[in-house]
Structures are given as structure tokens and as C-alpha cells.
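Student: okay, sequence plus prediction incoming.
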Amino acid sequence: MTEKGKINKPAISIIVPVYNAEKMLQTCVDSILGQKFTEWELLLVDDGSTDASAALCDSLSQLDPRIRTYHKSNGGVSSARNLGIRKSGGEYLYFADSDDTLVPETLEELYREAAAQSADMVVCGFTYYVERSGETVDNIPEKYFCGGGAAYLRERFIMDFRQEFFNPPWNKLIRRTLLTENGILFGEAFAICEDMAFSMQVLERCQRICVIPKTLYCYHYKEADNLVYRFHANYYEALLYFRDRAGRCFDRLGAKEALYDEIDAYFVGKSLMYLHKIYRCSGYDRQKKRAELERIGTSKTLQNALREYRTHGKRRVVGWLLLHRYFGLLDALYSRH
């Protein structure tokens, strides 16, 4: 571990997990060094990189006393973020990805709102930068909001969930003690859905949340980031984990039935998508594909959700077949594509 002297009680600790990010890391750090707001510390957490990222992190930590580097064995993005949480000292935490960038006003705008409203979490919009085409698409919250967790669920959650403002960690400023005093960390068992589960845990404990209609982060979208192009062997278990965290949050905050329905709709849709991916790109042999189809299809959670949630289009047919356990027919159907 390379560690230079900490600045005293920075207002914001920026946590950047780094894994084989030598191509974009400098650009990311430059966007942080260019912030108008200067009371920050930057924690670069090298997660066992096999390229030149580790050396680059060490070099960057020599540029500014506010930058510190930590090296660890590879454990995934969640374990890197969690180490950053444990090593941070800021009043607020900000998570950035190593291949993305901040606009110059990011920290200034978020911290100003947090300080003015004594907020536990401030949420902003972001810009998608599509690397293949060079196209940019702004994703901006519809209107300003500031209130408690229960009010956020009533007035904002479904809209923010569908438009992906709620889901990621990198468009949020979060009070550090909210995490440390409630034992909130990223789930390290999963490489997907862990960010949404984390956001649910934060929401569950928030006393005051603000949403500002400004784009303050640039997310660099690559096709490889899209679930269509990737297969995660424990994706269904990750969905179960997220659904459980959502249920706990909703129970605690007294959510209306419509919010549970929203999560069930997401859970069913993604579960059916995953079954399709098992046959399309898992690399499993036919026997294992059929075994996974039956394992997931007989899951009590999925069966109950299928009874409660009415699917549409092709999903309606697949949902009906799953509900009635016609696995032989589903196996033949999936294997044709």
C-alpha cells in the first residue's frame, strides 16, 4: 500500500476501484483534479490489476497529497469499494468508476446541496457517452426533490428506478456515517445487481434525500457493459439478493403495494432474460442448461412472482410455461434459437 499524508477531515472521499484500467484512469483522475471544489481526498483501490494500472496508481498518488493508493488481491469491484469505505475519512463519500469522468462542477454542486439540506444522500443526473458512436445522451431527473425516505418512495422511486437514477452508486453523494454506523457495504458475492442492493440499503436508512435535475457525471457506455453481451453464472442469485434488500427497505419505510409490484416486474423480466441467456451464451452443455432451467423455474420466489405479476408478449408464453412447469417444451423452445 502506498499512502501519503491524509488531509484533515476532507469534506468528500472519492473512491475509485481500479482493475486493468490503464487506458482511461488518467482521464478519470484528471477530471477529479479539475474539480472546482477542492476539499476532497481520492482513494484509488487497485484490485489486483494485471496491466500497468497498479504502477499508474502509484504514480498518480505522487501528484497530489490528496491522492492515496491501496493495492489488494483481486476480489471484484465491491470488495474494492468496501476497502475504500473503510479507509475513507470524508464527511461524504462519492464513488466513481475508473473509466468515467466528472464534470468540473460535480463535487461543488453535490456538496452544496448536501450542506444546505443536511442531506444523507444527494442524487444527480448523468450523461451516457456511447464509445462506439461518440453519441452523448443526457439522463436528467425530471424535477427537484428533497425529503425523507418514505416520501421519496411515494413521489420518486418508480420513476427514478426506471430511468436508472436510483440504481448506480456513481451519481450519488452519501454521508459516510450513514454507511459506517449501519454496517452498509457492497455485497461482495455478486458482480451484478450489487449496486442496486447497496442503494436499497442506503435508502432504507436515509433521513433526508435530495435529487437535483443536473447532469454531473459522464458514464462511458461500452457494449461489453450491456447484459445482452455478458453472462453471469450467479445472476439469478444476485436478483434474489436485490429483491430481498428491496423488500426489507419497503417494509421498513411502509411502501405501497405498487412498489413491490415494480420490483416483482423487474425480477420476473430479468429472470426470464437470464433463462434465455443460459441457452444463448452460457457455454453450458444441453444437460446443464436443462438443469438450470428447472432449478430456477421451480424456485418458490419466481413461481410466486409469476403468479402475482402478469407478463406480456413472448414473456407471457414463457411465464405460463414456467408456472405450469413445462420444462421439456421450454428446453426445446430455447434450444431452437
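Tutor: Noted; the coordinates are in hand.

Student: list the contacts of W170.
Tutor: If you count contacts by Cβ atoms under 8 Å, 6 or more residues apart in numbering, W170 has them with 94-97, 100, 126, 217, 219. Any C-beta I mention is one placed from the backbone N, CA and C, and that applies to glycine too.

Student: kindly write the PyMOL command that selects the buried subset of these.
Tutor: Buried subset of those, written as a PyMOL selection, criterion 16 or more other Cβ atoms under 10 Å:
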select buried, resi 94+95+96+97+100+126+217+219
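
Student: now the contacts of W170 in a markdown table, with distance to K288?
Tutor: Output for those, formatted as a markdown table (distance: Cβ to Cβ, whole Å):
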| residue | distance to K288 |
| --- | --- |
| Y94 | 42 |
| F95 | 36 |
| A96 | 38 |
| D97 | 33 |
| D100 | 36 |
| F126 | 38 |
| Y217 | 40 |
| Y219 | 35 |
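
Student: the contacts of W170 into TSV, with extra columns for secondary structure and pLDDT?
Tutor: Output for the contacts of W170, formatted as TSV (DSSP: H, G, I helix; E, B strand; the rest coil; pLDDT from 0 to 100):
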residue	secondary structure	pLDDT
Y94	strand	98
F95	strand	98
A96	coil	98
D97	coil	97
D100	coil	97
F126	strand	97
Y217	strand	98
Y219	strand	95
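
Student: of the contacts of W170, just say which sits nearest to Q207.
Tutor: Minimum distance to Q207 across the contacts of W170 is 19.3 Å, recorded for Y94 (Cβ to Cβ).

Student: how about the closest one, nearest residue that isn't a chain neighbour?
Tutor: Of all residues not flanking Y94 in the chain, I14 sits nearest, at 4.9 Å (Cβ to Cβ, 6 or more residues apart in numbering).

Student: beyond the helix or strand where the one you found lies, next helix or strand please.
Tutor: Using DSSP states H and E, I14 sits within strand 12-18. Counting by DSSP H and E, the next helix or strand C-terminal to strand 12-18 is helix 25-33.

Student: partners of the next helix or strand after that next one, with directions?
Tutor: Note on helix 25-33: by DSSP H and E, the next helix or strand toward the C-terminus is strand 40-47. Strand 40-47 pairs in its sheet with strand 12-18 (parallel), strand 67-72 (parallel), by DSSP bridges.

Student: show me what the helix or strand following strand 40-47 is packed up against.
Tutor: Using DSSP H and E, the helix or strand that follows strand 40-47 towards the C-terminus is helix 53-60. Applying 3 or more Cβ pairs under 8 Å, 6 or more residues apart in numbering; DSSP states H and E, one finds that helix 53-60 contacts helix 25-33, strand 40-47, strand 67-72.

Student: output the ones you listed as CSV; include the columns distance to G269, mean neighbour count and mean pLDDT.
Tutor: Output for the helices and strands packed on helix 53-60, formatted as CSV (distance: least, Cβ to Cβ, whole Å; neighbours: other Cβ atoms under 10 Å; pLDDT from 0 to 100):
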stretch, distance to G269, mean neighbour count, mean pLDDT
helix 25-33, 32, 18, 98
strand 40-47, 31, 25, 98
strand 67-72, 35, 20, 98
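
Student: circling back to that earlier point, the strands paired with strand 40-47: which one's closest to L321?
Tutor: Using Cβ to Cβ, the nearest of these to L321 is strand 12-18, at 40.3 Å.
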